[in-house]
Structure formats: C-alpha cells, structure tokens
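Undergrad: Quick one: sequence and predicted model below, then my questions.
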Amino acid sequence: VDRSTGELIAVEVFVAILPNSQYTYVEACHSQKRADFIACCGHALEFYGGAPKAIVSDNLKSAVTRASRYEADINRSFKDFARHYNCAINPTRGYSPQDKALVENAVHLAYQRIYYPLRNMTFFSLNELNKEICKLLMAYNNLLFKRKQASRLELFQSIEKGHLKSLPTSPYQLKDYCRAKVQKMGYVYFSPDKSYYSVPYRYIGKQAQIHYTTTTVEIYYNHQRIALHRRNPSKGNYNTDRDHLSSTHKYYVDWSPEFFKKKAAVHGKNVEACIDTIIASGDYPEVGYKRAMGLIQLHKAYGSQRLDSACKRAIQADAVAYQRIKNILKNNLDRSSLFYQDLEQDRPHIPEHENLRGASAYQ
C-alpha cells in the first residue's frame, strides 16, 4: 500500500526450487521485467550459496526472447547472467507445465504456507513484505517431510549443497548495450550520460559496441574488449586512459598552467611572468593555453634571450599579449631605444625644474 495515497500496488512473486531437496526460495518484486527478474535470480543463488549446472526457467520475455521446443533464443542479459555464474539456461517448452512440475507445486504450497498467513497484514514497502516472507519461508523450509523424516533444509545441506558450484567473488550487475562510432579524437560518445570514453587510437573510425553497468563501461570491437572504464555519471566529461592516446594526444592532455610555467622558465623569468598573465587573463583555459604555447614557440625564431627581453619590454609597457610580443620581436623593438621614446610619450609631462630630481627614478 502506498502510505501517502492509500493506493494498492500489485507485486509479482518469484519462486525458485532445487529439485532433490525441494529447498525453496521466495521473493516479492515489483514486476517481471528484466531487471527485477535477473535480480531475483541473483538473490536466489546467494540464498543457496552456490550455482547449479543449469537453470530451468519459465518462458517469460525477461528470460526467453523467442520460445522453441528445441533451441530457444535466450534473452541477452539472462545469457550474460548465466555466463557470469558459469551455468546453463534450459527453458521449459511452451505450454508444458510438466517441465517445471516441482516449482509449480512450490507455488501452490507458497499460497498455503506464505500467502495465506499474510492475507490480513498491510505492508507499506517491498522491503517490509520480503522480511515477513523470509520469516515464513524459513519455517516452511524447516518443516519435516512425512516420509523422509527430514526437512528441505536438512536435505539441502546433506545432499545438494556439495554439488553446487561456488559463486563468483562479485555479484552480477545488469548490463545494458548501445553502439557508437569511435570519433577522430579517439573517444566514443556514451549517450546515456552524454559523456565520452577513450579507446585505443588505432580504432578511430570503427563502429564499437558499449556494454555498461551502474559502475563500469566496457567497449568492444568484433566481440573483443578494447577498453574498460569506471563509469563516471557526470554529464559531458571526457574519461581518458592515457595508454589509449597517440603521442600527439598525450602531449595535449598534459596542458595546464604548471606545464606552461615549467616550459617558460627555461627561457627566462620575464617569459614566465608573461605566461602567467596570459593564462590568467583568459575566460576559457584552452584559449590561454594556445596563446601561451605560441609565445613560447617564438624562441625558435628569435632565441631565448631576445624573447625574454621582449617580454620585459611588454611588461614595462603593460602590453602583455602574444601578438604584441611577436610584433616587438618582428620590428626589433626589443633592441631599439625608440621603444623607450614611445613610452616617454605615454608618460605625464614633468616640469623642467623637477626633471633632474626625478631623472634617476624615471630611468
């Protein structure tokens, strides 16, 4: 029952049984949809503490995409679930309840031993309902068979438990799938989060398939996994594995204020100061990085000494910009006294009787 509105909410009940001991698992869930069905299957295997050689399933759409008497088409996610637990899926034939007579009988007994005692109780959450089901289920599995003088739990522990395969270290996570083309920059666009994940650059232009869970993103090409990332739910992010990048891409990934300051320091303290100013003045970091790289590259044509000198002149004139420093070098203003004369014109007029007094400071 919805606590706020009083609405009655119908739920489905999942029932699983082991064939020899008839040890039974029962769980209520919201629907028979793929996510609920596979989650219940995983909970059942955890309840049993192991995986069987095969799971005999009903023909619901979450388990079987296309039913067949001889070779059913198993739902892709359910097949992946079985692969994770190293077991086979053997669905029953359509309209053949005798193929699953044991579990059909378990459903009938669940009505008597579990549903009936709950008939007058009201639950406000699925969790509350399953807690009560668990109590009644424990009592049900401990009931003695009349002829065997043993309970389902005792038979399970003495006979079947040793035949189950051990469970994987981590539970199965439901996977979803989508396709994407590897873009020229070496990333695939992951539409559920509107973000990007890197792949090895040799796959640029190829069509890839993305398998994803709530925690991981796997990228496949020709059924081989070429990239594995931890899922980042942030929108618009570029998620990068540096091993995927070509040498050119790796160089650009390293761009940062510290990267440019380190490169500028080789050519002089004035170049480093100009780099700081250029990066700090830009609203968008990448624009500043391009200008900073352009400034540093000027040393190839003019040498480090002239570049540092030109940066000094630009700082004095409060004209720190890539294009202005380039013009200073191009017009040899870093070597010319005219540069100082140009600065003189911009300064306020000093009376002659104060000229001598301020000369040393002005120089």
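TA: Ah, there it is. Numbering: from 1, shown residues only.

Undergrad: Distance of the residue most central in space within the chain relative to I278?
TA: Nearest to the geometric centre of the chain sits R231, at 0.8 Å (Cα atoms, centre = their mean). Using Cβ to Cβ, to the nearest Å, R231 is found at 37 Å from I278. Quick note: C-beta positions are derived from backbone N, CA and C, even for glycine.

Undergrad: all helices in the stretch 1-150 of the chain, in order from the N-terminus.
TA: Assigned by DSSP state H, counting those that start in this stretch, the stretch 1-150 of the chain shows helices spanning 34-48, 76-84, 101-110, 126-141.

Undergrad: any idea of the angle the longest one forms with helix 101-110?
TA: Angular relation of helix 126-141 and helix 101-110 on a 0 to 180 degree scale: 110 degrees, by axes from the mean of the first three to the mean of the last three Cα atoms, to 10 degrees.

Undergrad: and helix 126-141, how far out from the chain's middle?
TA: Distance of helix 126-141 from the chain centroid (Cα atoms, centre = their mean, to the nearest Å) equals 35 Å.

Undergrad: Next secondary structure after that helix?
TA: Note on helix 126-141: by DSSP states H and E, the next helix or strand toward the C-terminus is helix 152-155.

Undergrad: Check which helices and strands that next one sits against.
TA: If you count contacts as 3 or more Cβ pairs under 8 Å, 6 or more residues apart in numbering; DSSP states H and E, helix 152-155 packs onto helix 126-141.

Undergrad: The helix it packs on vs helix 34-48, what angle?
TA: For helix 126-141 and helix 34-48, the angle between their directions (the same axes, to 10 degrees) works out to 40 degrees.

Undergrad: which other residues reach helix 126-141?
TA: For helix 126-141, contacts defined as Cβ atoms under 8 Å, 6 or more residues apart in numbering pick out 11, 23-30, 109-110, 113-114, 117-118, 121, 123, 151-153, 156.

Undergrad: hey, C-alpha coordinates of that helix in CSV?
TA: Taking only C-alpha atoms (Å, rounded to 0.1, in the frame of the first residue of the first chain), the coordinates of helix 126-141 have been written out as CSV:
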residue,chain,number,x,y,z
LEU,A,126,8.5,-4.1,-0.7
ASN,A,127,11.3,-4.5,1.9
GLU,A,128,8.8,-4.9,4.7
LEU,A,129,6.9,-7.5,2.7
ASN,A,130,10.1,-9.5,1.9
LYS,A,131,11.2,-9.5,5.6
GLU,A,132,7.9,-11.2,6.5
ILE,A,133,8.1,-13.6,3.6
CYS,A,134,11.7,-14.5,4.7
LYS,A,135,10.4,-15.5,8.2
LEU,A,136,7.6,-17.7,6.9
LEU,A,137,10.0,-19.2,4.3
MET,A,138,12.4,-20.2,7.0
ALA,A,139,9.7,-22.0,8.8
TYR,A,140,8.5,-23.6,5.6
ASN,A,141,11.9,-25.0,4.7
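
Undergrad: Could you export stretch 302-322 as CSV, CA atoms only?
TA: Taking only C-alpha atoms (Å, rounded to 0.1, in the frame of the first residue of the first chain), the coordinates of stretch 302-322 have been written out as CSV:
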residue,chain,number,x,y,z
TYR,A,302,64.3,34.8,-32.2
GLY,A,303,66.2,32.9,-29.4
SER,A,304,65.5,32.7,-25.7
GLN,A,305,67.5,35.9,-24.8
ARG,A,306,65.5,38.1,-27.2
LEU,A,307,62.2,36.5,-26.2
ASP,A,308,62.9,37.3,-22.5
SER,A,309,63.9,40.8,-23.4
ALA,A,310,60.8,41.4,-25.5
CYS,A,311,58.7,40.1,-22.6
LYS,A,312,60.4,42.5,-20.3
ARG,A,313,59.5,45.4,-22.6
ALA,A,314,55.9,44.2,-22.8
ILE,A,315,55.6,44.0,-19.0
GLN,A,316,57.0,47.6,-18.7
ALA,A,317,54.5,48.8,-21.2
ASP,A,318,51.7,46.8,-19.7
ALA,A,319,51.2,45.3,-23.1
VAL,A,320,51.4,41.5,-22.3
ALA,A,321,49.8,39.6,-25.2
TYR,A,322,51.1,37.1,-27.7
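
Undergrad: sorry, back to before: just the buried subset of the contacts of helix 126-141, please.
TA: In terms of neighbour count (16 or more other Cβ atoms under 10 Å), the buried residues within the contacts of helix 126-141 are 23-29, 109-110, 113-114, 123, 151-153, 156.

Undergrad: ok, the residue nearest to the centre of the chain - contacts?
TA: Listed by Cβ under 8 Å, 6+ apart, the contact set of R231 reads D193, Y212, T213, T214, T215, T216, V217.

Undergrad: 7 Å - rerun?
TA: R231 makes contacts with Y212, T214, T215, T216, V217, as judged by Cβ atoms under 7 Å, 6 or more residues apart in numbering.

Undergrad: Perfect, I'm done here.
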